[in-house]
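Colleague: Provided below are the primary sequence and the corresponding predicted coordinates.
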Amino acid sequence: MEVGSSKSKLNKKIDSEDKIKSANTAKMMKPKSRQIDGIMLGLIAVLCLIGIVMVFSTTYYANGMTLVTNQIKALVLGTLVMILVSFVDYHALTGKTVNYNGEKVKMRNWSIVFLVVAFLLCLAVNQEINGAKRWLRITETLSFQPSELLKYALVLFMSGWMVKTQKDMGKLVGVLPKIILAAGLSAMLLFVQKNLSSALIIFAITLIMLFIGNANVKQLIVISAILGVGAFLVVKATSWRTGRIDAFFDPWSDPKDKGYQIIQALYAISSGGLFGNGLNQGRQSLLYLSQRESDMIFAIIAEEFGFVGAVAVLLLFLWLIWRGIKAAINCRDLEGRYMALGIVCIIAFQVIINTAVATKAMPNTGQTLPFISYGGTSLVITMAACGVLLNISKNSDYKKGLSIFERKTKNTLKK
């Protein structure tokens with residue numbers, strides 16, 4: 001009898017331990033609220049504040065506080081959107097099935113919705129500014145630039161589609177034509193709007209994401225060559241684009257028209273010296289430099305804060321890009337990795353193009369400097385994309401290089 005009772009007690013003890021382990025496993029599987037990447041959030045805040053200061057400096061003389069007020073409103077809206085998006089599971093953007101509390105839950109695929117909406121908005125543009133028809137006028141004082149949404153919507157679409165068809169990435173008849181088709185249609189819409197820089201960004205991001213997704217390298221080289229020839233023919237076929245290239249090589253051949261903006265930008269940068277002329281003390285802000293609050297704002301940064309200030313801004317961008325890349329690397333979830341890298345590439349290419357144009361490192365083309373240039377659409381959409389980045393960073397373990405769920409699972413198995 002004593003032996004039987006001791007066995008019964010032992011079995012009860014084992015059962016109770018199994019229940020405790022099951023309860024711990026259930027808790028482990030249930031997602032918990034975790035902290036976002038504070039450094040990334042701080043960098044975004046600093047860049048946005050620099051943007052408000054520079055919009056004030058470049059527009060106050062001609063427009064007073066009107067444009068600054070508009071930018072502050074866009075910043076408030078963008079901040080709210082970024083916070084909201086940072087709490088939304090990024091898997092919902094690609095329609096992935098995830099484990100929640102031990103049960104499989106199918107998320108809705110919103111990436112296709114965003115892409116279709118962006119396509120329709122691009123087709124509906126009705127406002128022309130500086131010879132380019134890129135804006136959708138909503139009211140007398142409010143307009144929207146759909147191309148900003150289209151770039152990020154395409155990244156979300158590609159991220160989900162590449163994961164679902166991972167095995168067919170290397171096949172010419174697999175996922176590759178569908179992604180190239182989506183990217184090609186997007187670029188064609190932007191080309192019609194005379195937005196060649198954004199079209200080139202879309203193609204560059206598409207090729208980078210396909211390369212990261214283990215697509216066939218030879219196919220990507222062929223596609224890149226075809227795109228390069230196509231871009232060359234497009235530029236040669238339009239006189240105003242060839243005029244910009246001619247002005248790039250010799251702006252003094254037409255200093256009052258095609259070369260005017262480049263010359264004034266170089267004046268601004270050279271007059272800034274090492275430490276600059278001081279906030280709101282730049283001469284080029286006094287109506288000399290066109291598009292000084294948007295496409296050429298980096299030249300004003302160099303004029304007012306000098307070489308040191310310009311390099312400091314670039315280092316802030318470099319740090320932000322690195323944090324985004326780190327979040328992608330540490331996220332073992334392919335959707336999160338592809339999304340993070342795509343978003344980071346968009347921001348990086350915009351910074352490269354904007355600063356290269358301002359410093360005469362490439363022909364003149366319109367591209368805003370993220371967070372800093374004037375423009376409500378660019379600011380709100382970019383901050384929304386950063387909300388996705390922040391959400392991905394919450395699912396990363398920077399110390400171990402593992403996702404938070406993988407780390408907990410590993411520790412549980414050890415026990």
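Modeller: Ah, there it is. Numbering: from 1, shown residues only.
Colleague: is Leu136 part of a helix or strand, or is it coil?
Modeller: strand (DSSP: H, G, I helix; E, B strand; the rest coil).
Colleague: grab the nearest non-local neighbour of it.
Modeller: In space, and not counting its chain neighbours, Leu136 is closest to Phe144: 4.7 Å by Cβ to Cβ, 6 or more residues apart in numbering. C-beta here means a position set from N, CA and C on the backbone, and glycine is covered the same way.
Colleague: which element is the closest residue to Ile381 other than its chain neighbours on?
Modeller: Among residues not flanking Ile381 along the chain, Glu148 sits closest, at 4.3 Å (Cβ to Cβ, 6+ apart). Per DSSP states H and E: Glu148 is located in helix 146-164.
Colleague: by contact count, what packs against that helix?
Modeller: Counting contacts by 3 or more Cβ pairs under 8 Å, 6 or more residues apart in numbering; DSSP states H and E, helix 146-164 packs against helix 111-123, strand 132-137, helix 175-192, helix 196-212, helix 334-358, helix 376-394.
Colleague: how far off centre is the last one?
Modeller: So that's helix 376-394. Chain-centre distance of helix 376-394: 7 Å, with Cα atoms, centre = their mean, to the nearest Å.
Colleague: so, low pLDDT: which residues of the stretch 51-200 of the chain?
Modeller: Applying pLDDT under 70 to the stretch 51-200 of the chain flags the ranges 94-114, 119, 122-135, 138-141, 165-176.
Colleague: mind running it again at 80?
Modeller: Where the stretch 51-200 of the chain drops to pLDDT under 80, the residues are 62, 91-147, 160-184, 186-197.
Colleague: sorry, back to before: how big is the angle separating the helix holding Glu148 from helix 376-394?
Modeller: 30 degrees (axes from the mean of the first three to the mean of the last three Cα atoms, to 10 degrees).
Colleague: helix 146-164 versus helix 334-358: what angle between them?
Modeller: Between helix 146-164 and helix 334-358, the angle comes out at 140 degrees (the same axes, to 10 degrees).
Colleague: how about the contacts made by the residue nearest to Ile381?
Modeller: By Cβ atoms under 8 Å, 6 or more residues apart in numbering, the contact set of Glu148 is Thr377, Ser378, Ile381, Thr382.
Colleague: rerun at 7 Å
Modeller: Residues near Glu148 by Cβ atoms under 7 Å, 6 or more residues apart in numbering: Thr377, Ser378, Ile381.
Colleague: ditto for Gly272
Modeller: Gly272 makes contacts with Ala302, Glu303, Glu304, Gly306, Phe307, as judged by Cβ under 7 Å, 6+ apart.
Colleague: could you turn the buried ones of the residues you listed into a ChimeraX selection?
Modeller: Selection of buried members from the contacts of Gly272 for ChimeraX, criterion 16 or more other Cβ atoms under 10 Å:
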select :302,303,304,306
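Colleague: which one of the contacts of Gly272 is nearest to Tyr288?
Modeller: Of all those, Tyr288 sits closest to Glu303, with 10.5 Å by Cβ to Cβ.
Colleague: return the list of helices and strands in contact with the one helix or strand the closest one maps to.
Modeller: Using DSSP H and E, Glu303 sits in helix 297-330. Counting contacts by 3 or more Cβ pairs under 7 Å, 6 or more residues apart in numbering; DSSP states H and E, helix 297-330 is packed against helix 38-63, helix 260-272, helix 334-358, helix 376-394.
Colleague: what mean pLDDT does the second one get?
Modeller: If I follow you right, that is helix 260-272. Helix 260-272 shows a mean pLDDT of 89.
Colleague: got the buried residues for it?
Modeller: Of the residues in helix 260-272, Tyr260, Gln261, Ile262, Ile263, Gln264, Ala265, Leu266, Tyr267, Ala268, Ile269, Ser271, Gly272 count as buried by neighbour count, 16+ other Cβ under 10 Å.
Colleague: using PDB, list the CA coordinates for it.
Modeller: C-alpha atoms of helix 260-272 as PDB (Å, rounded to 0.1, in the frame of the first residue of the first chain):
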ATOM      1  CA  TYR A 260      20.800  78.500 -62.800                       C
ATOM      2  CA  GLN A 261      19.700  76.200 -59.900                       C
ATOM      3  CA  ILE A 262      23.000  74.200 -60.000                       C
ATOM      4  CA  ILE A 263      25.100  77.400 -59.900                       C
ATOM      5  CA  GLN A 264      23.100  78.900 -57.000                       C
ATOM      6  CA  ALA A 265      23.300  75.600 -55.000                       C
ATOM      7  CA  LEU A 266      27.100  75.600 -55.500                       C
ATOM      8  CA  TYR A 267      27.300  79.200 -54.300                       C
ATOM      9  CA  ALA A 268      25.300  78.300 -51.200                       C
ATOM     10  CA  ILE A 269      27.600  75.300 -50.300                       C
ATOM     11  CA  SER A 270      30.800  77.200 -51.000                       C
ATOM     12  CA  SER A 271      29.800  80.200 -49.000                       C
ATOM     13  CA  GLY A 272      29.000  78.100 -45.900                       C
END
